[in-house]
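Trainee: Predicted model and sequence follow; I will ask about them next.
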Amino acid sequence: MSDMIFVLGDQLSMSGAALRAADKENDVVLMVEASDETTYVRHHKKKIAFVLSAMRHFADDLKKAGYTVEYVKLDDPDNTGSFTGELKRAVQKHKAERVRVVEPGEWRVREMMDGWADEIGVPVDILTDDRFVCDHETFEAWADGRKQLRMEYFYRDMRRQTGYLMDEDGSPTGGQWNFDHDNRERLPDDFEPPKRESFKPDAITNEVLDLVSNRFDNHFGDLEPFWLAVKRDDALKALDHFIEDCLPDFGAYQDAMKKDAPFLFHSLISPYLNNGLLTPTEVCDAAAKAYEEGNAPINAVEGFIRQIIGWREYVRGIYWLKMPDYKETNALSADRPLPDFYWTAETDMDCLKSAISETKENAYAHHIQRLMVTGNFALLAGIAPDDVHDWYISVYADAYEWVELPNTHGMAIFADGGIMASKPYAASGAYINRMSDYCGDCRYKVSKKEGPDACPFNYLYWNFLMENREALKSNHRLGMIYRSLDKMTDARKAQIRSDADQFFSSLEAGEVVASA
Ligand code: FAD
Ligand code: DLZ
Ligand code: SF4
């Protein structure tokens, strides 16, 4: 009697729940390159190459470890193109009597999975994904009865549950839960970014790069140079490099941005955490050890561990708690189409040009670029949530809906009406100027508040507050800002509206493009 163990492209962990229970003698492991998965949105070319190459390397590791693997390549003429079609074919081919699979990271795949037993005609065991620190039941219990689901309180529970950075008496190491106030430094003017490790493509990756180049030429993004790790030992090298060379400065410069320095001190490990090459626990263990051995300060290590056991687990909890309705949220009734420059990087706004062109090159942008540049613009300009979601899920190598959607609808554009954020992350040009060197050469002047040369973020910020007053007026955290707005003269408010209208008209006409 054989079981079919189905391993999805973001479940590449040897210790995954379905593999752990496998009988190597009899069971067959199925992995499928599915055209439906590669095209349900037009993923960045590098993201597709990363997913497929990592899958092929993982299949080889499984074979070396003694598993029987049925691996279906994208260009296999018999490939039906879908998870369901390929699972059905493999079950019939191997006469499997049962399917075992770990729950997926996306709602649409969960719906598919729930139909498999009927569709395929054998029992399907859907196992808990225990790579996460917080399971669904724990998150639901935490959320139950709370008026507000704030990350900070969830994070403290996760600190207590895991014991990371906790003293024996139950208090947080360093006397505080959170060192955020130490983590907002601007980079010095003469700053040289640290050299970051990249991973040279091997024969498997080169074959995948050819496939992607031929098949997905019309997708967004630069395929080469390809820099991502695609196997576990390289992902571990990426983690070591971060811990040794970047973690000590990670905290202080976490929110900083710099032209032509896309990576700074960030870990660059989200693609590996999200596809299973690394586990959250081993990553936090490594950071905690660096602190214990005196190699990294508390503000850096606490800041990093908070991203993993706090934010990452929290967004997953919110996703599964609130889906499927969460995807339909549009609290601010935003309906402007996504401007073309999100795909071309052709805009005169230097901050957006940097964040988008780096996204195009690397399939990566760091958190503040995603939140306070591309996200902030989408919020202030009232871009339709579906368009914003489609962009973010397509363009980043680490993007899967469970993590991307709450960050987009919840954090960046306030489409969820405040389930995640206590107020919209709206900011004028002053914030971007404080945290970056983008504004120096920009065609717009960050110090100007009105007129054709003013930084668009400056008037779009106030225009956003005026346009959304009904939806936001009862938000206590915006009280002071609305009082400032009320002190403005009618003439100033009219000027803001007129600048914003002109900006949006030229945006619609496609005129906000790079000067020749
Ligand atoms: P670091 O800055 O080094 O942080 C360490 C790790 O913490 C990350 O690898 C990541 O696993 C985790 N982390 C940090 N912040 C978050 C967060 N807000 N939510 C979840 N995990 C977090 N992250 C994704 O993994 N996939 C996405 O599709 C994604 N989409 C985003 C969309 C928007 C609009 C925003 C604002 C953020 C998004 N993030 C997403 C979160 C965050 O930007 C990335 O995790 C981070 O930039 C990845 O780079 P890094 O590995 O260098 O992170
Ligand atoms: C993102 C992605 C892509 C591009 N291609 C595949 C694929 O060919 N085969 C596969 O198993 N997984 C792929 N993935 C990841 C899946 O979309 C992911 O497993 C689901 O979104 C569930 O989280
Ligand atoms: Fe961006 Fe405004 Fe600065 Fe230009 S001036 S880089 S548009 S914040």
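Mentor: That came through, no problem. Ligands and ions are numbered 1, 2, ... in the order given.
Trainee: Make sure residue 326 is indeed in a helix.
Mentor: Yes - using DSSP: H, G, I helix; E, B strand; the rest coil, the assignment for residue 326 is a helix.
Trainee: ok, it touching residue 320?
Mentor: No - the criterion here is C-beta atoms under 8 Å, and residue 326 misses it with residue 320 at 9.5 Å. The way it works is simple: take the backbone N, C-alpha and C, and place the C-beta from them, glycine included.
Trainee: And the strand or helix carrying residue 5, what does it pack against?
Mentor: Per DSSP states H and E: residue 5 is located in strand 3-6. Helices and strands touching strand 3-6, by 3 or more C-beta pairs under 8 Å, 6 or more residues apart in numbering; DSSP states H and E, are helix 17-20, strand 28-32, helix 83-94, strand 98-102.
Trainee: Tell me who's in contact with residue 41.
Mentor: By C-beta atoms under 8 Å, 6 or more residues apart in numbering, residue 41 lies in contact with 390, 393-394.
Trainee: Which of those fall in helices?
Mentor: Among the contacts of residue 41, the subset assigned to helices under DSSP state H consists of 390, 393-394.
Trainee: Up against ligand 2, what does the protein have?
Mentor: Within the chain, the residues that sit near ligand 2 (C-beta under 6 Å from any ligand atom) are 8-10, 32-34, 37-38, 43, 48, 51, 104-106, 109, 400.
Trainee: Can you say which of those residues are buried?
Mentor: Among those, those classed as buried by 16 or more other C-beta atoms under 10 Å are 8-10, 32-34, 37-38, 43, 48, 51, 104-106, 109, 400.
Trainee: Tell me which of the residues you listed fall in strands.
Mentor: Among these, the members found in strands (DSSP state E) are residue 32.
Trainee: gap between residue 357 and ligand 2?
Mentor: Computed with C-beta to the nearest ligand atom, to the nearest Å, the distance linking residue 357 and ligand 2 is 23 Å.
Trainee: tell me the pLDDT at that residue?
Mentor: The per-residue pLDDT reported for residue 357 equals 98.
Trainee: Just to check, it is in contact with residue 344?
Mentor: No - counting by C-beta under 8 Å, residue 357 sits too far from residue 344 to count as a contact (9.2 Å).
Trainee: send the alpha carbons of the helix or strand hosting residue 432 over as CSV?
Mentor: Assigned by DSSP H and E, residue 432 belongs to helix 429-435. Taking C-alpha atoms only, helix 429-435 is exported to CSV below (Å, rounded to 0.1, in the frame of the first residue of the first chain):
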residue,chain,number,x,y,z
GLY,A,429,8.0,63.8,1.7
ALA,A,430,9.6,64.9,5.0
TYR,A,431,9.6,61.3,6.2
ILE,A,432,11.2,59.9,3.0
ASN,A,433,13.8,62.8,3.1
ARG,A,434,14.6,62.0,6.8
MET,A,435,15.2,58.3,6.2
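Trainee: Give me the contacts around it.
Mentor: Taking contacts as C-beta under 8 Å, 6+ apart, the residues outside helix 429-435 that touch it are 184, 186, 255-257, 351, 368, 372-373, 376, 438-439, 444, 446, 455-458.
Trainee: Distance from the chain centre to it, please.
Mentor: Between the centre of helix 429-435 and the centre of its host chain there is 23 Å, according to C-alpha atoms, centre = their mean, to the nearest Å.
Trainee: Give the buried residues for the helix or strand that that helix is followed by.
Mentor: Next in sequence after helix 429-435, counting helices and strands by DSSP H and E, comes helix 456-467. Neighbour counts over helix 456-467 (16+ other C-beta under 10 Å) mark 456-465, 467 as buried.
Trainee: In terms of distance to ligand 3, which of the residues of the chain next to ligand 2 ranks first?
Mentor: For the residues of the chain next to ligand 2, the closest approach to ligand 3 (C-beta to the nearest ligand atom) belongs to residue 43, at 27.4 Å.
Trainee: if I read this right, that closest one contacts residue 394, doesn't it?
Mentor: Yes - contact criterion C-beta under 8 Å: residue 43 and residue 394 qualify, at 5.4 Å.
Trainee: shared neighbours of those two, anything?
Mentor: Jointly contacting residue 43 and residue 394 under the rule C-beta under 8 Å, 6+ apart are 219-220.
Trainee: those helices in the stretch 1-150 of the chain, which residues are they?
Mentor: Ranges of helices within the stretch 1-150 of the chain are 17-20, 35-39, 45-64, 83-94, 107-114, 116-120, 136-143, based on DSSP state H, counting those that start in this stretch.
Trainee: List the buried residues in the last one.
Mentor: Within helix 136-143, the residues scored as buried using 16+ other C-beta under 10 Å are 138-139, 142.
Trainee: and if you look at the fourth one?
Mentor: For helix 83-94, burial by neighbour count (16+ other C-beta under 10 Å) applies to 83-91, 94.
Trainee: circling back: name the nearest of the buried residues of helix 456-467 relative to ligand 3.
Mentor: Closest to ligand 3, out of all of the buried residues of helix 456-467 and judged by C-beta to the nearest ligand atom, is residue 457, at 4.9 Å.
Trainee: what sits against residue 338?
Mentor: Going by C-beta under 8 Å, 6+ apart, residue 338 touches 378, 383-384, 387-388, 390-391.
Trainee: hang on, isn't residue 354 packed against residue 438?
Mentor: Yes - if you go by C-beta under 8 Å, residue 354 and residue 438 touch, sitting 6.0 Å apart.
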